[in-house]
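Novice: Okay, sequence plus prediction incoming.
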Amino acid sequence: MLQVLIIDDDPAIQLLLKRTLKTEGYELTVASDGEAGLTLARDLRPALVICDWIMPRMNGLDVCSQVKATPELSTTFFILLTSMGSVEDRVKGLDAGADDFLCKPIDMYELKARVRAGLRQHQLSHDLQHQKLLLEAELAEAAEYVCSILPSPLTSPPVTINSRFVPSRQLGGDGFDYYWLDPDHLAIYLLDVAGHGLRAALPSLSVMNLLKSQALPKINYYEPSDVLKALNETFQMTDRNDKYFTIWYGVYNRVKRTLVYASAGHPPAVLVSRTSNLITQVKRLKTPGLPVGMFPDAEFIDDSCEVEKSSILYIFSDGIYEINQPDGTIWGLDAFINLLAEFPKNSQNNLDQIVNSVQDRNPDDYFDDDLSLLQINFD
């Protein structure tokens, strides 16, 4: 049975409303002033409130504002009962959050019709809110699944890898992996599919499965540009699929201490090393290349570098540095790379310190985009 709360200090109006609405089969509760009515509203969570405008202790506008500010009452339909019929008064009521008005003297047929309409609106809002909660729960489950298939830390020298993945409020398209192609060659990559939601997450999962299983035919997985070319041919944008993605892919030879890499529209990886006199050297590892999926004839090239002992390689998605600042600017790539150079130690908590430092520069409690960060330590 639908709950209707009546808030009015006039006993005659209370009786009139109760007699009229009782015949409609509603469960009715009455309060004689605004403060008592607000308390009942929070306790009962009624589907609809009929509230007088002018009352002692707390007027109808204040009751309405408080009701609308209470998350548990977000779907409650609020009708203001008033003898004030000017446009200015109605504007005040609407600004306070009122959903409808009833003017005195009350017409019983209009009262019943407005209550029926309000309860229909409440039910629609309640159903939408329920579906929203279900969708958010499903997206949260999907985000948990994405986290579950990301690789565990690599803890055995000569290369150790740690990672952090911080999902945004929406499911995103970040993905990464690392594994030994053979005892001497380690493949490492990080990708970022454009957009959010399942339409971004599903292509990311497809790429990760293809690379992990090495299911792309006639591909040299030791040659990054060849891998990117094959991915570009496989994941071309179409009229029904407008998703593209950026990726950084590298292969490390532990015997020669060389890193061969290629990128497709992705932020540069950052190699941080220390010279014998403790001078920090920072190299940005990036090659020209459009994001995967944009053009079928896109070209990708390889580059390589030597990896000094005790070097650290950072690979990340753009969500870690594209952070809106209160002054309207964006905390950018250069600032983030400068931050990386401040963390010289290969400590286990290094990534937590970096993520916490990034969060300190974020004015919100959440990130607008997924945040992915790999730290590769070379002995």
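Specialist: Received it, and whenever you're ready, just let me know what you need.
Novice: name the helices or strands packed onto the helix or strand hosting Tyr252?
Specialist: Using DSSP states H and E, Tyr252 sits within strand 245-253. In terms of contacts (3 or more Cβ pairs under 8 Å, 6 or more residues apart in numbering; DSSP states H and E), strand 245-253 is packed against strand 185-196, helix 198-213, helix 224-234, strand 258-264. (Each C-beta comes from the backbone N, C-alpha and C, glycine too.)
Novice: Give me the angle between it and strand 185-196.
Specialist: Relative orientation of strand 245-253 versus strand 185-196 (axes from the mean of the first three to the mean of the last three Cα atoms, to 10 degrees): 170 degrees.
Novice: Quick one: distance of strand 245-253 to the chain centre.
Specialist: How far strand 245-253 lies from its chain's middle: 26 Å, per Cα atoms, centre = their mean, to the nearest Å.
Novice: average pLDDT across stretch 325-345?
Specialist: Stretch 325-345 comes out with an average pLDDT of 88.
Novice: Check the gap between Ser225 and Pro288 for me.
Specialist: Using Cβ to Cβ, to the nearest Å, Ser225 is found at 11 Å from Pro288.
Novice: Who has more neighbours out of the two?
Specialist: More crowded of Ser225 and Pro288, by other Cβ atoms under 10 Å: Ser225, with 21 against 12.
Novice: what sits against Arg114?
Specialist: Applying Cβ atoms under 8 Å, 6 or more residues apart in numbering, we find Arg114 in contact with 79, 100, 102.
Novice: Let me know the angle separating the helix or strand in which it is found from strand 185-196.
Specialist: Per DSSP H and E, Arg114 falls inside helix 108-149. In terms of direction (the same axes, to 10 degrees), helix 108-149 departs from strand 185-196 by 170 degrees.
Novice: Tell me, please, the helix or strand in this structure that averages the lowest pLDDT.
Specialist: helix 87-96 (a mean of 84; mean pLDDT, DSSP states H and E).
Novice: got the buried residues for it?
Specialist: Residues 89-90, 93, 96 are the ones in helix 87-96 that count as buried (16 or more other Cβ atoms under 10 Å).
Novice: sorry, back to before: which is the next helix or strand following the helix holding Arg114?
Specialist: Following helix 108-149 toward the C-terminus (DSSP H and E): strand 159-166.
Novice: ok, residues contacting that following strand?
Specialist: 146-147, 150-151, 153-154, 174, 176, 178, 186, 188, 252, 254, 346, 348, 350-352, 354-355, 367, 370-379.
Novice: before we move on, the earlier item: give me the mean pLDDT for the strand holding Tyr252.
Specialist: In this model, strand 245-253 carries a mean pLDDT of 98.
Novice: Now do the end-to-end distance for stretch 311-328.
Specialist: Its first and final residues considered, stretch 311-328 spans 35 Å by Cα to Cα, to the nearest Å.
Novice: What about Gly265, how many residues nearby?
Specialist: The local packing of Gly265 (other Cβ under 10 Å) involves 21 other residues.
Novice: these two touch, right, it and Pro288?
Specialist: No - at 9.4 Å, Gly265 and Pro288 do not qualify as touching, with contact defined as Cβ atoms under 8 Å.
Novice: related to what we said a few turns ago, ok, of the helices and strands packed on strand 245-253, where does mean pLDDT dip lowest?
Specialist: helix 198-213 (a mean of 88).
Novice: Any idea what the nearest residue to Tyr314 once chain neighbours are set aside is bridged to?
Specialist: If you skip the residues right next to it in sequence, Tyr314 has Val270 as its closest partner in space, 4.5 Å away by Cβ to Cβ, 6 or more residues apart in numbering. As for beta bridges, Val270 partners with Arg284, Tyr314 under DSSP bridges.
Novice: Many thanks, I have nothing further to ask.
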